[in-house]
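> sequence first, predicted coordinates after that:
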Amino acid sequence: MTTAVVADADAVVENRPAGRASVVLRHFLRNRSALAGAAVLVLLFVLAFCGPLACHWSYTDIDYTALRRGPSARHWWGTNGIGQDVFAQTVRGLQKSLLIGLLVAVFSTALASLVGACAGYFGGWTDRALMFLVDLLLVFPSFLVIAIISPRLKAGGWIAFVGLLAVFGWMITARVVRSMTLSLKEREFVRAARFMGVGPFRIIWRHVLPNVASFLIIDATIAVGGAVMSETALSYFGFGVQPPDVSLGTLIADGTGSAVTYPWMFFFAAGLLVLFVLAVNLVGDGLRDAFDPTARRRTGRRG
Amino acid sequence: MGAYLAKRLGYYAVLLLAAVCLSYLLASLALDPRAYFAGRQPPISPAAVDHHLTVIGVNDHRPLLDRFWHWAGRAAHGDLGRTIDDTSVNAEFGRRLGVSLRLLLIGTLLGTALGVLAGAWTAVRQYRLSDRLVTLASFALLSTPVFLLAVLLKTGAIWFNNTTGTDLIQFTGEQSPGLTGGFGTVLKDRAVHLLLPTISIALFAIAGYSRYQRSTMLDVLGSDYLRTARAKGLRRRSALLRHGLRTALIPMSTYFSYGFLALFTGATFTETIFGWHGMGEWFISSINKNDVNSVVAVNVFAAVVVLLSGFLADLLHAALDPRVRHA
Amino acid sequence: MGGEDPVLRVRDLRVAFGGVDAVRGVHLELRRGEVLGLVGESGSGKSTIALAVLGLLPDSATVSGSVRLDGVELRGAGDAALSRLRGNRIAMVFQDPLSAFTPVHRIGDQIAETIRAHRDISRRAARERAVELLDLVGIPEPRARAAAFPHEFSGGMRQRAMIAMAVANEPDVLLADEPTTALDVTIQAQVLDVLRTAQRATGAAMLLVSHDLGVIAGTADRVAVMYAGRIVETAPVHELFAAPRMPYTLGLIGAVPRLDGGTGTGMLVPIPGAPPAPGALPSGCSFAPRCPLADDVCRAAEPPLRKLADDHLVACRKAEELQGAAPADVFPVPEVPRTPAGPDDRPEVLRVTGLVKTFPLLKGVAFKRRVGSVYAVDGIDLRVRCGETLALVGESGSGKTTALFEVLGLSAPEGGSIEVLGQDVAGLTRQQAAALRGRTQIVFQDPMASLDPRMTVAGIIAEPLLARGVARAEAARRVPELLRQVGLEPGHADRFPHEFSGGQRQRIGIARALSVRPDLVVLDEPVSALDVSVQAGVLNLLRRLKAELGLAYLFVSHDLSVVRNIADRVSVVYLGRTVEAGAVREVFERPLHPYTQALLSAVPLPDPGVERRRARVLLAGDPPSPTQRHTGCRFRARCPLHAELAEADRERCVREVPQPVPHADDHVAACHFARPRAVLTAEA
């Protein structure tokens, strides 16, 4: 019974089309600005985590013989007002900012996907309650709330700061995930799974989340940039990373006054900050195009 | 339609109430007004501090809920209490409101209009040189935190003034202290002071909105109805204006309400850096002073601004889209 | 100008998108007053031609060749010159009227804009003219409707307005791109009628692009068949359908299920394989890989379009051999599966009686409140016996999909009763419901949407097994066998859905449904998203599986030709209520309810001889809103019979809800004045 029927099959797929991951990678590699962004990111990470090993000054060391010295062989990027090595400090600050940015992006994206998918999938009162929470958190300017709370959390240090940034950074993503879940829920493969008797959390895990994954990857990438910007802004005003620890934000704050007279105290930190966020945005944009090539090239071709 | 807007307004009122209550509780728990008086020269006696705090209603020896009810009862009548220096919060609020709004409104309106235009223009010229340049510039701007942008602008102004030996660009405060002269002189002075902070807010808005407008416009450019408009015999330009831009504005109304939040936060930095005595600067200084009532007042202002912009976005959406109007 | 001079002449038109050829050297001639039907499957490039004529292809397209309007070359003309012609001398009717109107402008203004783009008249006069045009295309209360926005129009009204806009300046050439594809059959019949009237009234030449051979047969004077970006055959309509000379044309005609039952065994003649993707064309004749007659010469070089008779051109080396051939002579016809024994003693797998389902009609955004009810299903009866196919037929919004989901939901219905395999679903325990869930499975309409794009085929097919607690290893062991059963390579189990063609994806969906060995398979429009040549293969597969596995099907469809081919019994619903049910042959040949008659008469037959001489029952207007509760007969407002009744009889339709009454062995109709009327054959 089963052998005879192969005859009426449709044409057998001869040339196997490339898998999704390799298609995305190919589109990404073709995008020059995204590639440049990725290269810059790699270099910055290497700098942040290997830089301290290469430099024989620690970020806390004070060289009393060199105050406000410009870049030299002894102090590559010069020294600041109390004789600390600017390279050591900047690299340390970069490390802290990157770490905070990455952790915040991971936590807030995870929170957003959980809340968004549950609100969208279950609907009803779950949805209403979660969306009220989202609206409420959006009404609070998150900057103000973090500024109030953050300095009181000295005990928790920067980890608590990461938690705060994550808790106030997931709402808009959650809304998007919710609306994507709403439309996925009506898609036939989710309906099919429901009629087969697959449970709701299993459907969310196996059908909903994998299908919003590309959005989440893009969003998490851009969120790294956003988190670093929030971190530096808060630290700049003294509400973020607390001394003696340093981040790009505290360094920029310390260097602002000397921006014109001793530019090395200001511009290395500021430049790295802009470079990093720019690279993240370029990579995020490149990922968006790579995941959804149709959005980029609208040929409008029809049958 | 009217019922729909009334319902939105009701929802916003509930949100506002919840936000105000929460921010009072949060500020009362997190801030320590006693710290403001510690280490003074000459020292102030604990009893005097205690008395002072009781007068302005933030004495932490009283139960939190008591303080809250006391504050809420007066707030319901429009009195936001006393600052930590025992002046009226309402008076301070009124003084700073105008300063902040002037800065925010001019910057936002200017930035939004230019951003929408830039976005639409680059979408139409997709992948040409002009599109690439504007895109790169807006990426660079979006990658620069507002406080850094403000600092850079200020640094640039100092450098400019030093080089040219003039003080053409003013970057501190909203007017030159002790200026005398006619109406024209005052106006010019104000405009010169307004220049940098407005630019920093507007640039931020332009960069953000132009990206969004570019992508909604690109969606529209591939749409069937634009093709219909061309198939009727409309020229490219009039089809784009009459059918394209008009429709591409609809999704922007949502971005306007989200964007205002970011702009407001940005304005906080801008004010502080340029020494404008507005709401943002008040907020930062009152946190540093552990001034509960002032912090709450700024939170109320922020929530009202955000909700109002949300409501305006709803109105705008309804005005632009007949499908919402008839729902 | 002489009548023989073509008003539009397309020569060697080529269009490529990013180096991929979509149109490859097309010649077309359109004479004054004639209708040229351009037929082809999706991806054949037929819509691209229409846009290329207007010069409205996106910038990414490279176009070459010549397009002449009354001898004047349009290719290479500037935007200003072309804009003067577009909408004025060449006008277009687009496929999807919802997205083709700008959502923020009023319908009347959009039509007036067309007029003012070419004539120097006042805004007021143009609006006045727009109202006249809306009246011309049969929109009731045109003055009020002109002020409406596109979203306030129904699909049929939007397409009428689109036609009004196209003929506003009395163009010489009308391009209609799949003008009725998104519409229900009764609305399609109305719109085709309007389109023909408008074309005749203006004397325009019309290019009618369609994938539907029936629409072409009823409307076109000449037909051009497209395949893989080229025209492969062109002939006058009667000759093309009676004596096609290209194997592809022959295959298309053989693959279409016939509403009148056609001839032979009922098995369709599928064309093997799928159309080539643009950019992946075979060398030589592009149809050769699917053509049983192809030889080495065919595979070596593409045959030119050559003249066979005066007006009959064909691009095939074997055209001479095909004189008088039938589809089954060329393409292999699958064997007729043996059907198991006698109909009446078999047990029932599904019985639905008086099913009711209402949805709340909500308003408001943040706090929704109920302002009314949508009576989606309001009295549907179904009965499916083991080994039998029941077709549930109705137009969009008739509640057929809602009824399906109610059956599959296995919970107590709002009204009426559902019995699955003899068990009333109202009193099921969790275990019983879980057991029943394994015995009823569903196949969805859109094979792309119903398969999770992130899962492999093996994972998709195994999902129902895993949901029923089958061990992972055992489930994996069953996958190759299931793939073979639906005619797919077992070796492809580790591939993802996007690597398959539409027909293959639907086979995967069928394999998933079969994995748990169900008794009842619910098929929700399983072939409506597929091209005709592929659809035939899937229909044949379903027939074979039914015979081999003794399945019962509940087959939901709006396509009556497909129903005729696959179903044993049919149930016709209108506005959530069953109006007629019975054996397919009986219902199709002696329809009793006026709605069934109208529905059948609206389906175009792919046979120009019969199609043009059939009795037509045109329905007026759109179906009423399901948000009102109807008294009496819900069809009476559109009923052609009701209009002819005497006053006293009409009273009865208003007062009394018609109940299903048996009229013959296995034939019930819910009409007070049911009388049979043949609508499939040509009238004498």
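Thanks, I have it.

> okay, CA-based contacts and neighbour counts for the rest of this
Noted.

> tell me the buried residues in stretch C:513-530?
Residues of stretch C:513-530 classed as buried by neighbour count (16 or more other C-alpha atoms under 10 Å in any protein chain shown): C:513-527, C:530.

> same check on stretch A:260-267?
Buried-residue list, stretch A:260-267, by 16+ other C-alpha under 10 Å: A:Val260, A:Tyr262, A:Trp264, A:Met265, A:Phe266, A:Phe267.

> kindly export it (C-alpha atoms) in CSV.
Output in CSV follows, covering the C-alpha atoms of stretch A:260-267 (Å, rounded to 0.1, in the frame of the first residue of the first chain):
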residue,chain,number,x,y,z
VAL,A,260,38.4,72.1,26.8
THR,A,261,41.6,72.4,28.8
TYR,A,262,42.5,68.7,29.3
PRO,A,263,40.6,67.0,26.5
TRP,A,264,42.1,63.5,27.2
MET,A,265,40.2,63.3,30.5
PHE,A,266,36.9,63.6,28.7
PHE,A,267,37.1,62.6,25.1
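
> run the chain-centre distance for the helix or strand containing C:Ala224.
Element membership of C:Ala224 [criterion: DSSP states H and E] is strand C:222-227. In terms of C-alpha atoms, centre = their mean, to the nearest Å, the centre of strand C:222-227 is found 19 Å from the chain centre.

> that strand near chain A at all?
No. Shown here: strand C:222-227 not in contact with chain A (C-alpha under 8 Å from any C-alpha of the partner chain), separated by at least 10.8 Å.

> in its sheet, what does that strand sit against?
strand C:35-39 (parallel), strand C:230-236 (antiparallel) (DSSP bridges).

> could you pull out the helices for the stretch 1-150 of chain A?
Assigned by DSSP state H, counting those that start in this stretch, the stretch 1-150 of chain A shows helices spanning A:20-30, A:32-54, A:86-122, A:124-139, A:142-149.

> mind listing what's buried in the second one?
Buried residues in helix A:32-54, counting neighbours by 16+ other C-alpha under 10 Å, are found at A:33-35, A:37-38, A:40-41, A:44-45, A:47-49, A:51-52.

> ok, so of the buried residues of stretch A:260-267, who is nearest chain B?
Distance ranking of the buried residues of stretch A:260-267 against chain B, using C-alpha to the nearest C-alpha, places A:Val260 first at 6.5 Å.

> remind me, longest helix of chain B?
helix B:183-221 (DSSP state H).

> hmm, that one touching chain C?
No. Judged by C-alpha under 8 Å from any C-alpha, helix B:183-221 and chain C are separated, with a smallest distance of 9.8 Å.

> whichever helix or strand comes after that helix - contacts with which helices or strands?
Going down the chain from helix B:183-221, the next helix or strand is helix B:224-231, by DSSP H and E. The contact analysis (3 or more C-alpha pairs under 8 Å, 6 or more residues apart in numbering or on different chains; DSSP states H and E) places helix B:224-231 against helix B:236-239, helix C:97-100.

> ok, which of these comes nearest B:Thr112?
With C-alpha to C-alpha as the criterion, B:Thr112 lies closest to helix B:236-239 of those, at 22.1 Å.

> so what pLDDT did residue 73 get?
Just so you know, I chose chain A. pLDDT for A:Ala73: 73.

> that was the other one, I meant chain C.
pLDDT, C:Glu73: 92.

> next: A:Arg297.
pLDDT, read off for A:Arg297, is 39.

> likewise A:Thr250?
On the pLDDT scale, A:Thr250 gets 85.

> pull the number of nearby residues for it.
Using other C-alpha atoms under 10 Å in any protein chain shown, A:Thr250 has 26 other residues around it.

> now do it against chain C, distance only.
Taking C-alpha to the nearest C-alpha, to the nearest Å as the measure, A:Thr250 falls 43 Å from chain C.

> I figured that residue hits A:Phe239, correct?
No. Taking contacts as C-alpha atoms under 8 Å, A:Thr250 lies outside contact range of A:Phe239: 9.8 Å.

> does the residue nearest the centre of chain A sit in a helix, a strand or a coil?
The structure's chain A has its C-alpha centroid closest to A:Val224; by C-alpha atoms, centre = their mean the separation is 2.2 Å. Recorded secondary structure, A:Val224: helix (DSSP: H, G, I helix; E, B strand; the rest coil).

> so what's it up against?
By C-alpha atoms under 8 Å, 6 or more residues apart in numbering or on different chains, the contact set of A:Val224 is A:Gly101, A:Leu102, A:Val104, A:Ala105, A:Val280.

> now it, nearest residue through space, not along the chain?
Nearest non-adjacent residue to A:Val224, counting by C-alpha to C-alpha, 6 or more residues apart in numbering or on different chains: A:Gly101, 4.7 Å away.

> ranking the strands paired with strand C:222-227 by burial, who's on top?
Compared across those, strand C:35-39 shows the largest average neighbour count, a mean of 26 (mean count of other C-alpha atoms under 10 Å in any protein chain shown).

> pLDDT score for the residue nearest to A:Ala38 when sequence neighbours are not counted?
Spatially, and ignoring its direct neighbours in sequence, A:Ala38 is nearest to A:Val283 (6.0 Å; C-alpha to C-alpha, 6+ apart). Per-residue pLDDT puts A:Val283 at 87.

> contacting residues around A:Val283?
Per C-alpha under 8 Å, 6+ apart, neighbours of A:Val283: A:Ser33, A:Ala34, A:Leu35, A:Gly37, A:Ala38, A:Thr221.

> low-scoring stretches of the chain, by residue?
Defaulting to chain A. Along chain A, the model assigns pLDDT under 70 to residues A:1-20, A:154-156, A:259, A:292-303.

> nope, chain B
B:1, B:178-179, B:326-327.
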